[in-house]
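>>> Provided below are the primary sequence and the corresponding predicted coordinates.
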Amino acid sequence: MPDYPFLKGHGTENDFVLLPDHDGSVHGDLSPDEMAQRVRALCDRRAGIGGDGVLRVVREDGGWFMDYRNSDGSVSEMCGNGIRVFARHLVDEGLVDGSAPIPVGTRDGLKTLTVDGDLITADMGTPRVLGETTVAVPGHAWVARHVDMGNPHAVAFVDSLDDAGHLLDPPEHDPATYPEGVNVEFVVRRGDRHVAMRVHERGSGETRSCGTGACAAMVAAAVADGLGPGSAYRVDVPGGTLTVTWTEDDRVLLTGPAVIVARGTTSL
């Protein structure tokens, strides 16, 4: 197998392998099973490069498309931390003008990002606040808020983040509500418009951060606090801090750092 280029980056320690494949010639001919196998090999933290997922960088209709896959090789609609790392790569390589809004295509539609020094803001679109559901881990069960951020989330408010346990296995959830699995956020309050969370991401396990999860946690907290559009929260994750703003025109903006830490070639 010939070597191909890769980069490694992270947003609040939610880490990704990036595959520059602008014309689709490097990975575009792989079957879905072959691509899933390649993603698993790249994300393996002992035998590979290591990552929570893979961001394939491809051109589409004159712009850029983020082909995102979880570390188990499964396809995902959207990744909030990943798209900021994706935008950082485009700016660093001079592929886009970082002083202007950056449109990026995803499976959840077109997203727009803006760069302000070390921080990047992603417009994550309009949230859908749905009904209540339940989630459980050994020894604990909670009512959770179902929030759709282009991908599904179940947000549970807990007394302590330790209550979530080791999160090696997916929390129990209603398969009828989430037939393709769900991202589960465990959230505690730290102060006024300030929460902290842990997350189990479907297809990746517990991660140090989840951008769409932080958005879902903020929306659920704002609804529980009797707020809504026109509010902003600080969301602490194990890998750092994110700011989530729910704008007056019903858009959710995710702001945080994104860095590229390594580059090279591999034959994995």
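Thanks, I have it.
>>> walk me through the domains of the protein.
Domains of the chain are assigned by automatic domain parsing as 4-124+257-266, 128-250.
>>> quick check: mean pLDDT of the first one?
Same thing as domain 4-124+257-266. Across domain 4-124+257-266, pLDDT averages out at 96.
>>> between the two ends of it, how far is it?
With CA to CA, to the nearest Å applied, domain 4-124+257-266 spans 6 Å between its terminal residues.
>>> what do you get for the shortest one?
Separation of the first and last residues of domain 128-250 by CA to CA is 10 Å.
>>> tell me how far that domain lies from the chain's centre.
12 Å (CA atoms, centre = their mean, to the nearest Å).
>>> same deal with the longest one?
Distance of domain 4-124+257-266 from the chain centroid (CA atoms, centre = their mean) equals 11 Å.
>>> could you pull out the helices for the stretch 151-268 of the chain?
Along the stretch 151-268 of the chain, counting by DSSP state H, counting those that start in this stretch, helices occupy 211-224.
>>> before we move on, back to that, make a markdown table from the domains of the chain and add mean neighbour count to it.
Where C-beta positions appear, they are placed from N, C-alpha and C, glycine not excepted. Converted to a markdown table, the domains of the chain look like this (neighbours: other CB atoms under 10 Å):
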| stretch | mean neighbour count |
| --- | --- |
| domain 4-124+257-266 | 18 |
| domain 128-250 | 19 |
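>>> so D249 versus P32, what's the distance?
As judged by CB to CB, to the nearest Å, D249 and P32 stand 37 Å apart.
>>> now do G48
G48 sits 19 Å away from P32 when distances are taken as CB to CB.
>>> one more: V75?
Using CB to CB, V75 is found at 8 Å from P32.
>>> one more: A144?
Taken as CB to CB, the span from A144 to P32 is 31 Å.
>>> could you do V26 as well?
With CB to CB as the criterion, V26 and P32 are 16 Å apart.
>>> same check on N70?
Noted for N70: a distance of 14 Å to P32, by CB to CB.
>>> same check on R40?
Counting by CB to CB, the gap from R40 to P32 is 13 Å.
>>> partners of the spatially closest residue to D163 that is not a sequence neighbour in the sheet?
Nearest non-adjacent residue to D163, counting by CB to CB, 6 or more residues apart in numbering: H140, 5.2 Å away. Applying DSSP bridges to H140 gives these bridge partners: V137.
>>> now for H140: which residues touch it?
V158, D163, A164, G165 (CB atoms under 8 Å, 6 or more residues apart in numbering).
>>> any chance of CSV for the residues you listed, columns distance to D118?
Formatted as CSV, the contacts of H140 follow (distance: CB to CB, whole Å):
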residue, distance to D118
V158, 31
D163, 33
A164, 30
G165, 34
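>>> could the residues you listed be laid out in CSV, adding pLDDT and distance to S99?
Shown next, in CSV, are those (pLDDT from 0 to 100; distance: CB to CB, whole Å):
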residue, pLDDT, distance to S99
V158, 98, 42
D163, 96, 45
A164, 97, 41
G165, 95, 45
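>>> I'd like to know which of those residues is nearest to S231.
V158 (21.6 Å; CB to CB).
>>> for P127, see how far away that closest one is.
21 Å.
>>> and R251, by the same measure?
Distance, R251 to P127, using CB to CB: 9 Å.
>>> quick check: closest non-adjacent residue to the most centrally placed residue in the chain.
Centroid-nearest residue in the chain: C79, 3.1 Å away (criterion: CA atoms, centre = their mean). Excluding the flanking residues, the one nearest C79 by CB to CB, 6+ apart is Y68, at 4.9 Å.
>>> secondary structure element holding Y68?
Under the criterion of DSSP states H and E, Y68 resides in strand 63-70.
>>> I'd like the next helix or strand past that strand.
With DSSP H and E, the next secondary element past strand 63-70 is helix 80-92.
>>> what's in contact with the helix or strand that comes right after that next one?
Next helix or strand after helix 80-92 toward the C-terminus (DSSP H and E): strand 102-106. Residues outside strand 102-106 that contact it (CB under 8 Å, 6+ apart) are 60-61, 63-66, 68, 77-78, 83, 86-87, 90-91, 96, 110-115, 150.
>>> now the next helix or strand after strand 102-106 and strand 63-70, what's the angle there?
Beyond strand 102-106 in the direction of the C-terminus, DSSP H and E gives the next helix or strand as strand 109-116. Per axes from the mean of the first three to the mean of the last three CA atoms, to 10 degrees, the angle that strand 109-116 makes with strand 63-70 is 100 degrees.
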